[in-house]
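*Asks:* just the structure for this:
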Amino acid sequence: MPPAPDRLKADYDRARNAVALLERTDRGLIEAAGPDRAAWLNNLVTNVVKTLGPGDGNYAFAVNVKGRVIFDMNILVLDDLALPEGRLWLDIDAGWITDAMKHLDRHIITENVTLTDRIRDFHRWALLGPRAAAVVERLGFGNLVPMAQLQHVEHPFDGGTVRAVRHDFAGVPGVELLVSAAASDALRQRLIECGSNDNIAPIDPAAVHILRVEAGIPASRIDIDAEVIPPETSQIERGINYKKGCYLGQEVIERMRSRGMLPRQLVGVRLSGRAVPALPLSLSRDGNDLGRVTTVVWSFALDAPLALAYVKSAHAAPGTKLTATSAEGTALDGQIVAFPLRASSS
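*Replies:* The predicted structure follows:
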């Protein structure tokens, strides 16, 4: 038996094979409004903004002049970018909202842009698993299956609206539902009713944590912090557009690409033992330092501890063997694994 509670494994299996319900209190929301919002934001993030249409979204980083991460975000376009009164939503880790507001406000110079912290205005529920789309359809919100990641639609609900966002944030099919705080309990009840045939139940966030690590998805403030540059996070395809032109910190990131320089990168490391080791853990090979571990979980897919770690690129190939050492000097055998560990259940 793995060193994890039976309920954690049951929650994990529910999200892998059916549908689970998660209350997302870890995310915040900043609204950017005004006629200059798209061009202004496009100059501050690593991904393209100006070509997005209403209902589109993408993932991006905000970086400093040295190219290091300040925060990462999901960008949701609510209205046509040509509309002067239109809005953008920036979906950001709740722990980064204050710093994000300061950074963004600092870079409003002459642009006509207004920022509003909407973290208290909306409540967020998420469905995870292959039956999530069926529950949403029973709710009357349409078919989410053809939607691309971070595409979103608004539907009437309980005298207001719900915005449904296609988002596989844990590596399994997923949808996030943003609703007014006043209508949150009513939406939760309807989700439970619509998912009853699929045995929907709340999921422990620890099980979600395992799923996203097995999918190789880094988390804000845990695996993505001020020490890293976006290409090192292994999120280039979804988070960086090298053709969009200039933005704050772009020179550093473009130089890394043009010169083929990637000093380190985020990888998965399978560890020995039957217990999840405590952080910090350092990584080495033949006595040489290789990098640092940011997260460790018990992987049900591997039946072993699994870490996310930043490793020197010269030693980042799957199959590479290394040693993980705790602060107390305990050494564990490790081997780099390829992501994702499991096939998608969409």
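*Asks:* distance of residue 110 relative to residue 40?
*Replies:* 10 Å (C-beta to C-beta, to the nearest Å). Just so you know, the C-beta spots here come from the backbone N, C-alpha and C atoms, and that holds for glycine as well.
*Asks:* could you do residue 158 as well?
*Replies:* 34 Å.
*Asks:* so, low pLDDT: which residues of this protein?
*Replies:* Across the chain, residues meeting the criterion (pLDDT under 70) sit at 1-4, 342-346.
*Asks:* could you list the domains of it?
*Replies:* According to the TED database, the chain comprises the domains 27-120+229-259, 121-198.
*Asks:* can you lay out those as TSV showing distance to residue 208?
*Replies:* Output for the domains of the chain, formatted as TSV (distance: least, C-beta to C-beta, whole Å):
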stretch	distance to residue 208
domain 27-120+229-259	13
domain 121-198	5
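*Asks:* kindly reformat those as TSV containing mean neighbour count and distance to residue 219.
*Replies:* Formatted as TSV, the domains of the chain follow (neighbours: other C-beta atoms under 10 Å; distance: least, C-beta to C-beta, whole Å):
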stretch	mean neighbour count	distance to residue 219
domain 27-120+229-259	18	8
domain 121-198	19	9
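*Asks:* right, and the helix or strand after the lengthiest strand in the chain?
*Replies:* When the chain is parsed with DSSP state E, its longest strand is strand 288-299. Going down the chain from strand 288-299, the next helix or strand is strand 304-312, by DSSP states H and E.
*Asks:* buried set for the very next helix or strand once past that next one?
*Replies:* Next in sequence after strand 304-312, counting helices and strands by DSSP H and E, comes strand 321-326. Of all the residues in strand 321-326, those buried under the rule 16 or more other C-beta atoms under 10 Å are 322-325.
*Asks:* hmm, who's touching strand 321-326?
*Replies:* Applying C-beta atoms under 8 Å, 6 or more residues apart in numbering, the contact partners of strand 321-326 are 269, 271, 277-278, 280-285, 290, 293, 307, 311, 315, 331-336.
*Asks:* now the buried members of those.
*Replies:* 269, 271, 277, 281, 283-285, 290, 293, 307, 311, 315, 332, 334, 336.
*Asks:* now for those residues, which pair is the farthest apart?
*Replies:* Spatially, the most separated pair among the buried ones among the contacts of strand 321-326 is 277 and 315, at 20.0 Å (C-beta to C-beta).
*Asks:* all helices for the stretch 151-300 of the chain, in order.
*Replies:* Per DSSP state H, counting those that start in this stretch, the stretch 151-300 of the chain carries helices over the ranges 184-194, 205-214, 236-239, 250-258.
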